[in-house]
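K.L.:
predicted model follows, preceded by the sequence.
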Amino acid sequence: GNSVTQMEGPVTLSEEAFLTINCTYTATGYPSLFWYVQYPGEGLQLLLKATKADDKGSNKGFEATYRKETTSFHLEKGSVQVSDSAVYFCALIALGGATNKLIFGTGTLLAVQP
Amino acid sequence: GAGVSQSPSNKVTEKGKDVELRCDPISGHTALYWYRQSLGQGLEFLIYFQGNSAPDKSGLPSDRFSAERTGGSVSTLTIQRTQQEDSAVYLCASSSASGSSSYEQYFGPGTRLTVT
């Protein structure tokens, strides 16, 4: 079946550190891939997406590249800020089904310290 | 414009009671999804609506859960005879039906349900 695996948290970094949150997926065909972010006390927000192999999604300094060879979609940011502290969810939509339902990873809590 | 809204934001109910959760999608969005976020299960899909029909109900955990959508807009998720394991945050999302933006789902703030 379709699934998403992402690294366990929490991830604790100092401000301006480099961030990587690993995400790998299992899916039939070529899914669309997403990163969602949930800031404290807020709802889920779409951070970035990629819909085909080698696409790079980017937003707010975050990037992720759709790697078909390694079935991965790792999230990166060159210099994190305290305001980036949140829970990050990797997700996929498996195309060709009756629905565009999102399948989520378990989430990774990021805590950035000043 | 207005985003997805959900009500109530918090609901505390006694075990065995019925509850109704409401979702107002973004105007013009024909696709509507319900998800559940709980500590033990993470984020899981419940049901999908396209217009007023529900072609995918595969995520509903039991026959105590049902949902409807009327007028292609507002949706209600009903949980009958609530159990403690139903305690979770229930999230609603909507998206447009066509093009690449059909993959972008916009989430509401959720309803936190606590069953005592």
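P.N.:
In hand now; what should we look at?
K.L.:
what score does residue B:1 have for pLDDT?
P.N.:
Looking at residue B:1, its pLDDT is 57.
K.L.:
gap between stretch B:103-116 and the chain center?
P.N.:
7 Å (Cα atoms, centre = their mean, to the nearest Å).
K.L.:
name the residues of chain B found near chain A, please.
P.N.:
Residues of chain B lying close to chain A (Cβ under 8 Å from any Cβ of the partner chain) are B:31, B:33, B:35, B:42-45, B:48, B:55-56, B:59, B:91, B:93, B:95, B:100, B:102-110. All C-beta spots, glycine's among them, are computed from the backbone N, C-alpha and C.
K.L.:
mark which of the residues you listed are buried, thanks.
P.N.:
B:31, B:33, B:35, B:43-45, B:48, B:56, B:59, B:91, B:93, B:95, B:102-110 (16 or more other Cβ atoms under 10 Å in any protein chain shown).
K.L.:
wait, isn't residue B:70 in contact with residue B:49?
P.N.:
No. Between residue B:70 and residue B:49 there is no contact under Cβ atoms under 8 Å: 10.3 Å.
K.L.:
and residue 34, what is it in contact with?
P.N.:
Reading this off chain A. Going by Cβ atoms under 8 Å, 6 or more residues apart in numbering or on different chains, residue A:34 touches A:46-49, A:90-93, A:102, B:103.
K.L.:
if you could check chain B rather than the one you did, that'd help
P.N.:
B:23, B:45-47, B:59, B:67, B:75, B:77, B:90-92 are the contacts of residue B:34 under Cβ under 8 Å, 6+ apart.
K.L.:
of those, which is the nearest to residue A:77?
P.N.:
Set against residue A:77, the nearest of the contacts of residue B:34 by Cβ to Cβ is residue B:91 (25.1 Å).
K.L.:
and which of the contacts of residue B:34 is nearest residue A:53?
P.N.:
Distances from residue A:53 to those, taken by Cβ to Cβ, are shortest for residue B:45, at 24.5 Å.
K.L.:
what about the closest one, which SS state?
P.N.:
Residue B:45 falls in the strand class when you classify it by DSSP: H, G, I helix; E, B strand; the rest coil.
K.L.:
you'd agree residue A:63 is in a strand?
P.N.:
Yes. Residue A:63 forms part of a strand when assessed by three-state DSSP.
K.L.:
in three-state terms, label the spatially most central residue of chain B for me.
P.N.:
Centroid-nearest residue in chain B: residue B:34, 3.1 Å away (criterion: Cα atoms, centre = their mean). Assigned with three-state DSSP, residue B:34 falls in the strand class.
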